[in-house]
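Undergrad: Give me coordinates for this.
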Amino acid sequence: MPAAPFGRVLTAMVTPFKDDGSVDLDAVAAVANHLVDHGNDGIVVSGTTGEAPTTSVAEDGEILRAVIDAVGDRATVVAGVGTNHTEHSIELNEQAEKAGADGVLLVSPYYNKPTQAGIAAHFEAVAAASDLPIMLYDIPGRTGVTITPETYAKVARIDKFVAVKDAVGDLFRGARIMAETGLSFYSGDDVLNLGWLTHGGCGVVSVVGHVAGSRYAEMIACVDKGDLDGALAIYVELLPVVDAIMNHAPGVMTAKAALQLMGVTANRAVRLPLVEADDDLVGLVHETLASAHLLPETETN
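TA: Numbering: from 1, shown residues only. Purely as a prediction, here's the structure:
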């Protein structure tokens, strides 16, 4: 298998809030422990699923340190530092290094729609701010731009760029970039997790990993030993879960509903402009998780 610099099963972790909207650091630690206890060997903190656009630099630092304190000796901890303001991302990268993160996740600048030269310059400026290894994040559905193969080739000459979280969805394109640059690719789209693993991907950065981390670890183990039938069986089994978590609302809303149903967190509070999952959506998540035997025994009755 290709090198997996940050682990094999990573979850883009939600940020729990108290009922008053403040960050709940005790719940942050509880979620991190839940993830590592259930198959994750890495955690991405303060990404989109962590509602990073609504958290301050100080809050990002508190969240990161809480996760490192809770599970930093058992899993890699990757800090999301991507914004559309280069100086802000530099500040977050410096903070992540001081806090003891194992690496950073750097999304291409969103909304600004820079040229490829601007994207590369942004990446290089942020990389220069610390010695941490970097996972780039390519998600044109949110950013409005796609990182081109030529831009990957340019930045891959810098040793700090080691991996990509791909949510473009083009397996052929990704396989070609992997071959040409040596960058490790992680699936950034749960519906394509198996596809990426069979096309040279090294692991997953998942939202569904909040509830199915152990199953994804089993799927990866099947791929590693050449048991593609076994891997496919797990993939198909999880398709309803992927649909429930990813296709009806932003994944942070449904993941928080799932964690509440599982007893990991006390609520499913989010920050505006998101709103928490309503009863119908919670019912869908509950029914799906129960059918997949992913709820604690007391919750399935």
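Undergrad: hey, where'd the helices end up in the stretch 101-250 of the chain?
TA: Assigned by DSSP state H, counting those that start in this stretch, the helices in the stretch 101-250 of the chain fall at 116-127, 140-143, 149-155, 171-181, 193-197, 209-224, 228-246.
Undergrad: mind checking which of these is nearest residue 13?
TA: helix 209-224 (7.6 Å; CB to CB). (Glycine included, C-beta is placed from N, CA and C.)
Undergrad: So what touches the closest one?
TA: Residues outside helix 209-224 that contact it (CB atoms under 8 Å, 6 or more residues apart in numbering) are 1, 8-14, 31, 35, 38-41, 193-194, 197-198, 203-204, 206, 208, 228, 230-231, 234-235, 237-238, 241, 245, 255, 258-259, 262, 289, 292, 294.
Undergrad: Same question for stretch 154-173.
TA: For stretch 154-173, contacts defined as CB under 8 Å, 6+ apart pick out 5-6, 103, 105, 120, 123-124, 127, 131-141, 146, 149, 152, 174, 177, 181-189, 192, 195-196, 199, 201-202, 205.
Undergrad: Let me have the helices of the stretch 101-250 of the chain in a markdown table, extended by distance to residue 68 and mean pLDDT.
TA: Putting the helices of the stretch 101-250 of the chain into a markdown table (distance: least, CB to CB, whole Å; pLDDT from 0 to 100) gives the following:
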| stretch | distance to residue 68 | mean pLDDT |
| --- | --- | --- |
| helix 116-127 | 20 | 98 |
| helix 140-143 | 26 | 94 |
| helix 149-155 | 27 | 98 |
| helix 171-181 | 29 | 97 |
| helix 193-197 | 26 | 98 |
| helix 209-224 | 19 | 98 |
| helix 228-246 | 26 | 98 |
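Undergrad: out of those helices, nearest to residue 267?
TA: Nearest to residue 267, of all these, is helix 209-224, at 15.0 Å by CB to CB.
Undergrad: Pull out the buried positions in that closest one.
TA: Going by neighbour count (16 or more other CB atoms under 10 Å), the buried part of helix 209-224 is 209-213, 215-220, 222-223.
Undergrad: same deal with stretch 259-272?
TA: For stretch 259-272, the neighbour count (16+ other CB under 10 Å) marks 259, 260, 261, 262, 264, 265, 267, 268, 269, 270, 271 as buried.
Undergrad: Return the members of the contacts of helix 209-224 classed as buried.
TA: Among the contacts of helix 209-224, those buried by neighbour count (16+ other CB under 10 Å) are 8-14, 31, 35, 38-41, 193-194, 197, 203-204, 206, 208, 231, 234-235, 238, 241, 245, 255, 258-259, 262, 289, 292, 294.
Undergrad: what about dumping the CA coordinates of the helix or strand bottoming out on mean pLDDT in the chain to PDB?
TA: When each helix and strand of the chain is scored by mean pLDDT, DSSP states H and E, helix 140-143 comes last, with a mean of 94. Extracted C-alpha coordinates of helix 140-143, given in PDB (Å, rounded to 0.1, in the frame of the first residue of the first chain):
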ATOM      1  CA  PRO A 140     -14.200  22.400  -5.700                       C
ATOM      2  CA  GLY A 141     -17.900  22.100  -4.700                       C
ATOM      3  CA  ARG A 142     -17.100  24.300  -1.800                       C
ATOM      4  CA  THR A 143     -14.200  26.400  -3.000                       C
END
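Undergrad: With residue 261 as the reference, measure out to residue 161.
TA: Note on residue 161: its distance to residue 261, by CB to CB, to the nearest Å, is 38 Å.
Undergrad: my bad, should have said residue 228
TA: Plainly put, residue 228 is 32 Å away from residue 261 if you go by CB to CB.
Undergrad: cool, residue 147 as well?
TA: Computed as CB to CB, the residue 147 to residue 261 distance reads 36 Å.
Undergrad: before we move on, what about residue 78?
TA: According to CB to CB, residue 78 stands 26 Å off from residue 261.
Undergrad: Which two among the buried residues of stretch 259-272 are spaced furthest apart?
TA: Of all pairs drawn from these, the greatest distance, 21.5 Å, lies between 262 and 271 (CB to CB).
Undergrad: Show me the buried residues of stretch 259-272 that map onto helices.
TA: If you go by DSSP state H, those have 259, 260, 261 in helices.
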